[in-house]
Structure formats: C-alpha cells, structure tokens
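In: Here is my input; please provide its structure:
(2 chains)
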Amino acid sequence: MNLKHDLNLKTRKQLRSAFQSVCFTLLLGLGTQLSFASALAPSTEAMSFMDQTTVTGTVTDSNGVPLPGANVIEKGTTNGVQTDFDGNYALNVQPGAVLVVSYIGFTSTEITVGSNSVIDVVLQEDAQALDEVVVTGYGTQSKREITGAVTTVDAEELTAIPATTFSQQLQGRASGVTIINDATPGGEATVRIRGFGTIGNNNPLYVIDGVPSQSQGNLNPNDIESLQVLKDASAASIYGSRAANGVIIITTKKGKAGAPKITYNGYYGIQNAAKDVEALNAAELGKYLYLADYYAGKTPSHGQYTFGGTPENPSISIPNYVFPSGAASANESLYSLTPSNIYAITRSADTNWWDEVTVNDSPIMNHQVQASGATENSQYAFTLNYFSQDAIMPFVGYERVSIRLNSSTKTFGGKLEIGENFTVSLDNRKGGFSNDGEQNAVSGAYKHHPLLPVYDIVGNFAGSRGLNLGNNYNPYASLHRNQDNRSKRIRLFGNAYVKAKLFDLLDVQSSFGIDMFARRGLYIGRPQPEYVEGNFINGSTSLFQEGYQWTFTNTVSYSETFNDVHNVDAYVGVEAIEGFGQEFGAGRQRFPFQTTDIISYLSAGNVGTSSNYGYTQRDFSLWSQFAKVNYGYEDKYLAQVIVRNDASSRFNSASNSAFFPAFSLGWRLSDESFMQGASFIDDFKLRYGWGQTGNQEIGDYNAYTQFTAGAFQASYPIDGNSGANTPGFSASQLGNPNARWETTTSNNIGFDSYMFDSRLSFEFDLWNRTTSDLLLNVPIPYSAGDAGAPAINIGEMYNEGMDINLNWSDQKGDFGYSIGGNFSTYRNEIIKLDQGGTPIFGQSRRVPSLTITEVGSPISMFYGFQVEGIFQSQAEADAWASYPGYNAPGKFKFADTNGDGQISDADRTQIGNPHPDFVYGINLNLSYKNLSLNIFGNGSVGNDIFNYVRYFADFNTFQGNRSTRALYEAWQPSNPSAPRAQWTAANPNATSPIMDANDQVSSRPSSYLIEDGSYFRLRNVQLTYDFGDSIKDALGITGGQIYLQGQNLLTITDYSGLNPEIQTGADTTLGYDGGYMPVSKSILLGLNLNLY
Amino acid sequence: MKKLITYLTAIAGVSLLSVACSDEFLLKEPKGQITSAALNNPEGIEGKLVAAYRSLSGSGMNGGGTWYYDVHNWIFGGIASDNALKGTDAGDQPEHSFIEAYDFTTFNVHLRDKWRSVYWGMARANDILVSLENVEGVSATRASEIAAEAKFIRGFAAFEGQKHFREPAYLDETQFDPNDTESTKVPNGGQIWDKIIADFAAAAAGLPATQSQVGRATKWAAKAFQAKAMIYKGDYAGALPILKDIVDNGGFTLTENYEDNFKVATRNNSESIFEIQFSASSSDDSNTNRGIGLAHPYIAPWGCCGFYQAPQDLVDFFQTDSNGLPLLDGSWKTNHITNPTGANIGQPIGDPSVDPRLDHTVGRPGILYKGHHIMQVDYIRDLTYAGPYFSKKHVSEPEGFGVAGWGNLTANNYRIMRLGHVILWYAEALVETGNLEEARKQINKLRERAANPAGFVKKAVQGATRTEFTALDEPAANYNVKPYTEAWTSAATARTAVRYESRLETAMEGHRFFDLQRWGIQAEVLNDYLSRESQYRIYLQGKSFTSPKNEYYPIPDEAINRSFLDGAATLKQDPNY
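Out: All right, here's what the predicted structure looks like:
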C-alpha cells in the first residue's frame, strides 16, 4: 500500500472561488433555466383541430362517490383533463374518439364517444393492486412495470406495531430484509438488506420524500404513506454510490381529494418484562461458593458466609450483616458514610435483583391528530404526534413530539406545482441504560450479590463494600442515579420542490431537501460511596452535536406512448449533496450541590476539573448525474436502463468519480398466447436485473494522513511537571489517496405472479451480489505504529440468497381472510481480504476476541475452543489431549482440533455462525363484518449467539452472583470426599463444568457459550372493531375503530438469555450478547376516529 | 419531438459541464486534524519528539488496553516471576492468570499489546529520524540532539522487545517509510542486542550531560541503558568501564531514604538517571500512571482493583540474620516470618529481624501503608485466593494522591533507571570480572542506605475509625540490615550475594523475570518457588515453568498475521511455541 500524497493544494485553493460560483449557477440553472414563461403556455398542437365536440360527465367509484383528479384522456393523443373536486370533467374531442379514464387504484376504462355528450364513468377498484404506483427512485412506476427487486410494504400493517422507528416496524414485513431490534425505549434497529456487502458500514440508504438520509432516528412512523425496499442493484443503482446496501424509500402522507378530514389515532398500553433471569438466591450462592472452594482443593471459607458440614451436606450460615463483613451483630450507632469514615452498616438480605430492576405495567402511549384535505389544485396534510414509552426498568424512558406539514399548490391549469414536505421532531431519551454493558441493570441482575439489600440500615443505597461481594454497582441505585441523564434531539427534515409541466411533454422538477439535527447529551455522575470501587465525587458531562445534510436535486422526466404499444418513460437528473456535522463536549466535577437543576449545568462545578473536546463528525459532498429509461411494449416486454455517475469528496480527485450502470428486463408471460390455457394465472411477470452500486461510507478524510494533538496519545510531561503535560503530535490516521469506489455487482432473477382471481400473489427472487475492490481498513503491521489504517480497495465479498413473498386473501360474504408470509435467506462469504489474508478479529472484552472474519467464511464467525463434553473420570481426563494443570474430572474436554496431542491456541476454531439460515414473517388477517383480527409474527432460524453474560454468570468470574446453571447443571462427583482421581460422576449428563474457585480456563471463549439464537416471536395480535355507520348516527362522526392489541405475547426460543435479538455496533462482531434489555409483553387499547 | 431532443441535449450538456466544475465542491480537507506537511518545522518535529517520549510510558497507544503493556512491567516482569502474584480474585483478568501460570498463549491480548507497544515506540522514533530530513528551520546542533533522543527512544523500545521476545524484529530509519506501511514488514531472526547497544551508544554520543527538561534523555541515561543492555547480553567486560564511569563521574548519589525512589514528592531526585514522567491534574488524567492503576488496594481511597499482590516467598526473602545479612544459604525458604495462612494470616511470627526495604516493597497487615492507613486484610479482594500481602512501591503517598478522575491515577514517576540499579550491575560486572572486593563495596552502599533509620517505616496505632492512626517514633518492625563486613570468599558467594541484593533492592519494580532470564536460572528458581508458594496459594498447584519455552513470551498471532509480504509471514514464531 503506497500512501504518498501528491495533492497540489495551493492550486486548488486558488480555484475555489471561481469554481464555486460556476457550480451553483449551473445547478440552479437546471432548475430554472427552462423558463416557465415560454414553456407553460398551453400546447398549441391540441388546439389546432376542428369539428370537435364537448363531452362532459362525472367519474365515480362503484359506490357513487366522486373521484376528483381522475384522468380523462382522448386515446392516442395528449388531449386530456383531470376531474374536478366533484369528479366532473369536460373535454373537447374529435368525433368517434375513445376516452381513456384512469385513476390510481382503479382499473382503467375505455369508452367510445358516440352521440352522447354526457358520459358518466364508474371505475372499478383494481383488485390486483398491479396498478399501484410506487416510488422507485426519482420517479414513480406502477407495480405492473417494475422489473427490479422491489418490495412494497403495506403502510397500515407496518404502522400497526407500536415502535420508535419505521425500521423496527419493518421487521418481518419485507422479504430480503433482516432486522434486529433494540428493545430499549428510543432504540433503533439494525437493518441489513440481502446480507453483508462490506466489512465496514452495511446500513441501507433511506430516502424520505426524495431526501436521502443515513439516519432512521426520531421520525414519526405514523406519517408513512408507503414504503418500498429497493433490494437489488437494477432497482437501487439510481442512487449509485450509496445504494450498495439497498435503499428504503418512504413517502409520507399527503392530503387526499375529498372532504377535509380530521382524524385522531391513539393507543395506551402497559408493558411487562417478557423473561426473567436465572440467578441464585443467597443460600444457593452460599452452597455454590462452598462447593467451588471445596472442589478447588481449598478449605471453604468466605468473608460473609460461615461454612460448615461436609461436601455431601454443606451447612451455610448467612450473617446478619454484610458490612461489617459477615458479622452476627453490629453497633448500629457507629454508622458513618463520609470520606474519612466509611462504615456503612448493612444488614444481609436475599435480594432478587431482577425484581428490583424491573417494574410492572410500564406505560406506552401514542396520540396523533391529523388534518388533511385537497382541492383540485392544492393539498395539505398536517399531523401532530406524541409518543412516549417507559422501559420495563425504572427511570428509563423515551418520548417524542413531531409535527409534519405536507402541502402543495398548482397553478397554470395544474402545470406548475410548488410544494413542501416538512417535519420537525423533538425527542428525549431518559435515564441510564445502555445495552451490552457489564454494569448495566441486566448484567447487574445476573451478577449483583443476593446477600446485598437495596438500602443500608439508614436508607442510603447499599453496595458491594465488604469482603467477597464482587464489584457490581447496586443495579437499582445506578438506574436511580442516572434518571436525569438525557439525550435530547431536534431533527428538521424535509424538502421544498417546484414541478412544472413543459410542452405537455416534460416534467421538470427541482427539489431542495434538508436534514438537520442537534443533540444535547447530559450525563450526571453521582457519587456512589457504597460501591467497593466508588467514591464521593460527583460530576457532569454535557455534549452538543449538530449537523446538516442538504440535497439539491433537479430532474427532467418524459413519458410518452407511441403507436399505442410503445411506452417510454425516462428521466435525467443532477444532484448535489453536502453534509457536515460536529460535536463538542465538556465536563466538570465536584459540584457543591447535586440538585439536578444545578449539576446539569457546568458552571457550578469546580473550574479546576474542567475538561472539554471538539471535533468534526462528518464533512463530505457528493455530485451526481443520473438517467433512467423504461421501455414497455404492450406491457408485455419491459426494459429499464439506469446510469449514474457519482463524484465524492471522500476520494481523492483522481479516483473520486465512478459510473454505476444497471439494466433489467421483464417479460409478462401471462400476456403471451401460449399461456392463455393457464387461466388460473392472472398475471405472471418474469424479471431479470443486473447492476452495479457503490459504497462510500469510509469516513470523510480517508485520503489524508492526519496527526492528533490529543493529550492521551501525544503529550508527555517532558519537563517533569507533575500537573501538566507538554503537548505533542502523533499520527492518528494514515491516509490512502488512491482509494476508489467499492463496487457491488448484483444479479437478480425473479417473478411476480397473481393467481386464482388474484387471491394468491407470489413474488420470488433469486439473487447474488459480489463486492469487489472492497474498501477495507486493512490490519496494518504493528511496526507501522499506532495510527489508524486507511480504507484500501483490496477485499472481495460474495452474497447470494432467495426472497419469497406469498399471500392469499379471499372474501366469502361477510367473512374475509388473508394469510401471508415472507421468507428471506442469504449466504455470505469473504472471498478476499488483504494479501496475507490477515483475519480480522472483532471486539475483545475480558476475553480475547470472540469473532473472526476470514477468507472462505461468512463475516464475523464465532471463534474459540470447541467443547466436546465433560470429563467423567480422571482416567478419561488423562487419556485426552494434554492440557497441563487443567484436565480433570468435571472439566471441559476441549477438542484437539489439530490433533497434535495437546490443547493450545492452535486448537481454536470456528465455533458458531451468527447468520440465520433464514428469517421469516407470517401475517394472518381475519374479518367478519365490523370485526377484524390480525396476527403477526416473525422469526429467525439457525443463528448462533455468543452469550457473554454466561461468562460472568456460569463461571468463576468475579465474586458476584451465579446462574442457576452454575450450581444445578454443574458436573459433581458422587464421592466428593474421595481423592479427585477417584471421583465418579453424580450427574453424568451435566452441562456445566465442575464448580472450582480457582478455574480460569473453563471460561475461555468456547462453544459452551454459543447458543442457538433461533426464535419465533408473536409480535402482534390485534382485534379491531370498526364502528361503521353506527357511530355516525350516534355521534355525528364519520367512522373509526377501537382495538385491543397484544405485543410480544409469546417468544419461542431455546436461547437462555433475556432476548435473542442482539444488535452489535460493528459488523465484525455479530451476535454478541453482553446484556440486552428484553422485549416487553404489552397490552394496548387503541382508538381511531375519523371526523369529517 | 425535435424540441424534446433539443432540450435533452441541452440538459446533457449542462450536466457534463457541471461535472468539470465539481472539483472545488468536492474538496474536503481534514478539519480539526493536523496534516503531515504542517509539521515540517521546528514546532512540528519537537511535538513529534514529545509524542515519541510518550511511547515510553506504557500508555497512550491507540486501541491499546490501558494496563496491558505498562512500562512498570508488573505483569510480564512481575507476576510472571517469584516476586508477585496476580492478586484480586480468581476470575478477574484471566489473561493475567495465564501469564502467572506460564500458559503463555499467542492470542493473549495483553501480550499482543506489549508487542505492539514495542513497535509503536520504534515507529515514532523512526518517524522522527525520517522527518528530520524534511524539516526546515532546525539548527544542525538541535537536529543532531533530536536524532540522538530518537535513537534513545528506539533503543528503549527495542530493549523492551528483546527482554520479552527471544527473537524480536528491529527496524531502523532506512527501512521505515511513514507513507508505506508495507516497508515496516521486516523479518526477525536472532537477538538484537547489538542494535540496541548501538542505538544507546549513538544517543550517548549525541546527547548533553544534562537537559533543562528533566524528562529528556541525557548522555548518562543513554550510557546507563547501553551498559544495562550489555549486562543483559552478558558482556560484563564491555559494560564495566561504562558503569564505573556513571558511578564515579555521573554526579548521581543515592537518596538518603530508600523510599524516596517511590514517592511523588521526591520525583527526579539525586539518584534518578532516567524516570518515566507522569502528571495528574484535576482535569486531565491522560499522562498519569494509568498502566498500573489496577494495582491498588481494594479499599478506599482507591477501591480498585487489588491486582499485583506479593507472595509469601518474597516476604520471607527479606529476613536477615543477627548480622543484618540476608540468608544466602536459602534457609529463608523454610522459615516463615509471617503467617502464610490461618487466623493470623499475614501477622508476624515472633519478632523476626528483617531488611527494612521489606516494608517499602510489600504492604503487610499491621504495618503502616505509605501513610494511608495501617494495612489490614481489607486491602485484599479475596484473601483465600492470593493471600494477605500487597504491592506498594508504585502507590503514591497521600499527599501526592491522585486528583484526576480516578483516584488510583497519580504522578508517581516510574524510576526505570536509578543509581541503585547501576550499582547492582556494576557489582555484578565486578564479580564476573573477578573484582570481588570492589563489588562488595558497591553492594554495601545500598545496604548502608537501607540501614538509615530515618527511612524506616514507623510503627502506628489504630485510631477510632479505619482511616485514623497515630504514628509513633519507633520502627514498625525489627529492622536489621547491615553491610557485608567480611570479604566474599568465592565468586559463587559474591554472585549469590549480588543476586540477593538485586531482589532486595528492586523487588516489585518489574525487573525480576528478566533478571532471572539473563542469569539463566528461571526454571530452577521459579519451579522451586511454585512448589513452595502453591502450598498456600493453591491455585498455583500444578503450574510449572518450562525451559526454554517460557524463558521468553511468544510472538502474538496477530503480529504474525499482519506481517504477510508476498504470501508469506515475515515474522517467524519462536520455535519453542
């Protein structure tokens, strides 16, 4: 890797001003240059005919409700109008003309104009949903025309699940998408579309009302009108360099023609922990400790318990006090908890910590008011939403308020439209729980000593000061002390656009979108003097982040049908994106007062303890040109070509530009004559697509070698000063000016079909994708120093898989039902890493890294020793491959994988796979008259989890509590008083190793800690009553529903941890359970009211 | 249709034009970071040099575990030896336990970071030597001093590498290209003592005898390290004149009180030749002694974490005979001066006569612990696991107690090179070159200093609360240390005496494992130690030291994995692993 620079920076700077002005003139030019004045004039072609007659009429649905905005077109011409607010139209046509009347969601109708000058049209609703128009990029397409792999999710089903973000709701709803949720209130979801394309960032791109974003955070999911997932490159490549991980396109709700509406939607529910931990009580732990000492060859003794009896029948005495340690009595008047005299007298207890750190019936609620309407030339939709959720743990919660206004106005006979979609949301994460924390409340519930009470004798929090009590925080006290921690965000997101129709031929659109956020974090550190490693010092840290990303998009689109059979749909566009974000933070300690209103603001802290920092979070720009052409021949033969060129600031100028092509083909077999015999097939479309997409998420300054002046890395008290450092400079990041785009090439073949009068719909896709020039932060030699490695194009990765969507629905009189399912699977393989194939290890905690990413395997495989069982006797232990000082009755049989007769590092191997065999979702709807029932569940099959919690709970790790497994499922001898060499198994089927207070070897990363993480979760059971007309008569309102909903009522899994859904930060460390908040079971009551 | 084509062409033209204009829009240079070019000036190179010194301190490495590669070498030089136990409880940091048990694994993350830290220091030093060629505005004199300081730092890093690994790699500035990480993939093979010695010799030639900034290497520091490397290499004759020069002409004197080498208040004293500088302020803990932060007692004011305890073996070693001399016949091994187990664990048996350095080296129950409290077994995290004794030398006295974020973090410098060490090597070289009498004289300097009653730990009486005590004007124990008054009768006796003195003077300073290594007696001493200590610290049962395997640590797997060049690893594992 050669990292030499040859940037001629001076020259570039001189060019700056000149270029900037030219750039923006040109960009703006595209939006405005095609001036409205000349172009908006009514088409002259349509006015030059003679002998015309005027036809008028009303377009309605089958119930007689007028359809405003329906298209009425004289067939074979561009002559046409839209119906007005009352569904009326008037159109001059030639004699004998044919009218084509169409409306979204309805079957188009053709009517020959005879002698009647009044033609009323009744449109039938389109049962096939084939004409549903979905957004697939910078334009829309009907589903009939789609040739790429696009999944559309029913917005109503999606938003039925109460959740913080749409991505959480998406779980189990779309094939090809694997989602792992975070059960913490305010938590987001990890979204992976069709596997893992790269080692670094695998997050999809979100495009909301045409504005791209990398963040799923704090948007109101109830604003969603429709959601599409672009899964393969032939669909997604219109987003070029950011589309390699797939694209999720969201359109928010707009006002619909008809009477103005005001709706209210709300629910309130209660939540309870779905699962309990399996920890020992005080007496059981005493027994465990006795046996662990005894089996280790020690005389059982403990700082708190008093031991007696024999190993066959140990007697465990629990002291009256744990502080003073193990005392039977204490002079309680000597109590003191001051820095100079810590004598926090604490009585012993038998605490179930899980009960202490969970609360029953935590509330969750949502209230939303929406006002919307539309006239012929304008529409508006306004929503106000409030959502709040308390965790199943005390003092932890989330709330959000969001306001959205979408509106648009047309003039010039509908040919000029200006509109906006905009939302502001404020959210607030409260309290101090974070997943995967050694000291979080979940871990504490496993680990904190059951002899300890919550409070000491005077009501201060009790803690682990005292002998042999471990080093956990009091988990309840932690939640209590962190209750004023806040992470408050404001996000402004949306766009304004102008659309013009030129020459009745071209649609020109210019959109400016913005995604801005600011976040204030507040973290209060309260003294925890009762904690064995604690102190009396308080402190407070504040941080502030702000960032923006703007997107300026200009497109020209064109749509035409030639000779009735050739459909052409095309657009070209240019787009500029720029993002910037920064963070700064500060802290102080030793506040004189700890009231929240004081300690939340830094000034009252001791100035001598001030610390602060600041840095840029992101800083990038992207400049792109793109085009797309769709061609259809009688809807039978379909073709699409997409090209995009992107230039990114994240690459050096020589390599910053890349071209992403794609094409796809569709063949509607059901329209072929040879298929006419198969009458049960209503529609069958075969699709094939090929395309390339890119990835540029490699950090902003990858091209540059950077030095830091950070005190930790670079300063040193060279002058011998005991209180201050001399600053220095050290390389923090090596640059790679030669990096270029990583490219993902994908193939997709599939079909969409509707059968049996459209009762059955079936979508099937087979796909593969290969990522080449994979941008990898290569593990550089340690001899190069400690600077971070730059991303270089060296790796290669392959994914393949299958997506299936299947749905059956039918109506029998008043009874309707539908059953649907989706199934997704992927297989991932690393083809190439760096030249030495250097494996990449994931995070290491108290044990060496548990995951390995290496050539020939999927990303992030579990790595360690394979346990083959437990030695039942000394003879068996002696006969095994040697492990000096370890092999003994009751200990693990570690596999000698290399067969060299000894257990060593070289025997570590892959011991598990975090990737599921497949994931699936099942949805069932039943309805009878006004009642409907929805049942929805999702699951994952075949993924392994590394249960790191068991490293603490099952083994001799620190001195806190143990799991029930560690005592009851441990191997034990039937003759414990005999010498170890003569031990025989009391329980040969034991699964845990013998208790041994001196054993550190059994807890080495091994297959013992790997569990099957498969699960099925009944996510939603919802019974809805629709008021129908009854409410109208009673209350004078239009309609509504009331529903009762159960969430997560059932989870079927063999996983022993609290939650089989494990999110981890880096994709090189997957499925690593370090203590995750469990999902809650909740019961909700909801009400929807329509007022109009 | 024609119009359409015209417009589409126009749009395509505009698009293409605007591609060309995008250069400036797409130029995003780093903000809040410094580029390499900005450092080619005196301020830049001096700043890089400061950062290179930073690499000596065993903390500050990006992505490195804070205490994995600490310069105090309390893990690799300490708990791997007969001077220290891991401490705390059995399940805490098992990676340390594996080192203590001589189960040296190639994926031990602490070992990995020790290796990394060696090459981190070497890389920073080499980067300075390379950068010097591009820097403008630095005087020739200063440039040559900077080069000498860089070579000192490189030699220091390489020395750490050679002590830990049988055949480490060595890179110099001719191989090191900061813009090409592949250039640093150099093979290992053989020992690198000559390169280390050459680096220190070059540093000694280019450095001034004194520095205005006390943290910088001087000519004498370089000489001391040069001599130390020669002693480690076994070149006693070569080291002898350098050591003599330092002792006679360096201007260093032993502090009056032995303990002054282990307190914050007496940093950079008359005995110091080179100290690893630490600093701690109430807002900044970045340059504290954080690498040894875990090794503090398990009681307020530290509370964490109970690592680095002392074995019974070390306590017993400090007993003296009626003449105030150590028991060179090894009889200390069979005579405990304190209770290794039982109800009175850690309490003295009778009133044994001990070397006063014991209570500056080991915290034991009943004895005032560096002015904090009278130590009791509540200092210990799990008494039944690692016994009642605690480490002491690196812990700050209350007056210098950490004011940074975590109380264990202080500015107690690590005296990696003090006159006391030089005297020991000088005596050793004298013995090995046949001058027993001069050797005895040198050793007696250390014993006479130890015998200064002003430096004895004082007896203290417990007050009403745990933190209260009254110090009396009398010694805490029966301290009895005296010089060797009779000539050593043989080289063997002299060698034993010097080696005993090395342990007494430098115990728990992180050198013991490497002293035993260079003396070639690791297996003999450590297996003997294990056989005795495991009677009380029973988790040591079944552990053993294997020669030649355990004499050095294995090269970490990840280092080898990262060294591939043209399809083959450039680093070769120690064949004993």
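In: What's the end-to-end length of stretch B:68-84?
Out: 16 Å (C-alpha to C-alpha, to the nearest Å).
In: Now do it, average pLDDT.
Out: Across stretch B:68-84, pLDDT averages out at 97.
In: what about it and chain A, any contact?
Out: No. If you take C-beta under 8 Å from any C-beta of the partner chain as the test, stretch B:68-84 misses chain A, and the best it gets is 10.5 Å. Placement of C-beta: from N, CA and C, glycine included.
In: buried ones in that stretch?
Out: B:68-84 (16 or more other C-beta atoms under 10 Å in any protein chain shown).
In: Tell me, how many residues neighbour the nearest residue to residue A:626 once chain neighbours are set aside?
Out: Spatial nearest neighbour of residue A:626, excluding adjacent residues (C-beta to C-beta, 6 or more residues apart in numbering or on different chains): residue A:644 at 3.9 Å. Residue A:644 has 27 neighbouring residues, counting by other C-beta atoms under 10 Å in any protein chain shown.
In: got it, and residue A:981?
Out: Around residue A:981 there are 12 residues (other C-beta under 10 Å).
In: can you check residue A:365 too?
Out: The local packing of residue A:365 (other C-beta under 10 Å) involves 18 other residues.
In: quick one: low-confidence ranges for the chain?
Out: Here I'm looking at chain A. In the predicted model of chain A, residues A:1-51, A:63, A:105, A:126-131, A:1033, A:1036 satisfy pLDDT under 70.
In: could you do chain B instead?
Out: The model of chain B has pLDDT under 70 over residues B:1-22, B:402-405.
In: Next one: the most centrally placed residue in it from residue B:295, what distance?
Out: Nearest to the mean C-alpha position of chain B, by C-alpha atoms, centre = their mean, lies residue B:72 at 2.6 Å. Per C-beta to C-beta, to the nearest Å, residue B:72 is found 8 Å from residue B:295.
In: Which neighbours do those two have in common?
Out: Contact with both residue B:72 and residue B:295 is made by residues residue B:394, according to C-beta atoms under 8 Å, 6 or more residues apart in numbering or on different chains.
In: max-length strand in the chain?
Out: Reading this off chain A. strand A:606-633 (DSSP state E).
In: wrong one, I was asking about chain B
Out: If you go by DSSP E, chain B has its longest strand at strand B:469-475.
In: Let me know whether residue A:427 touches residue A:187 as I believe.
Out: No. Counting by C-beta atoms under 8 Å, residue A:427 does not reach residue A:187; the two are 11.8 Å apart.
In: re the thing from before, got the buried residues for the longest strand of chain A?
Out: A:609, A:611, A:616, A:619-632.
In: Pick out the residue of chain B closest to chain A.
Out: residue B:564 (2.2 Å; C-beta to the nearest C-beta).
In: Could you give the residue of chain A that lies closest to chain B?
Out: Counting by C-beta to the nearest C-beta, chain A gets nearest chain B through residue A:836, at 2.2 Å.
In: how close does that residue get to residue B:146?
Out: Counting by C-beta to C-beta, the gap from residue A:836 to residue B:146 is 35 Å.
In: repeat for residue A:994
Out: Taking C-beta to C-beta, one finds residue A:994 at 60 Å from residue B:146.
In: Surely residue B:124 is within a helix?
Out: Yes. Assignment of residue B:124 by DSSP: H, G, I helix; E, B strand; the rest coil places it within a helix.
In: The closest residue to it other than its chain neighbours is in what secondary structure piece?
Out: Closest residue in space to residue B:124, ignoring its immediate chain neighbours: residue B:52 at 4.0 Å, by C-beta to C-beta, 6+ apart. Here residue B:52 is covered by helix B:42-54, with elements defined by DSSP states H and E.
In: Show me what the helix or strand just after that helix is packed against.
Out: Sequence order places strand B:85-87 as the next helix or strand after helix B:42-54, per DSSP H and E. Judged by 3 or more C-beta pairs under 8 Å, 6 or more residues apart in numbering or on different chains; DSSP states H and E, the packing partners of strand B:85-87 are helix B:94-100, strand B:307-309, helix B:383-386.
In: strand partners of strand B:85-87, parallel vs antiparallel please.
Out: Take DSSP bridges as the rule and strand B:85-87 pairs in its sheet with strand B:307-309 (antiparallel).
In: can you list contacts of the strand it pairs with?
Out: So strand B:307-309 is contacted by B:74, B:78-79, B:84-88, B:92-93, B:96, B:292, B:294-295, B:380, B:386-387, B:389-391, B:508 (C-beta under 8 Å, 6+ apart).
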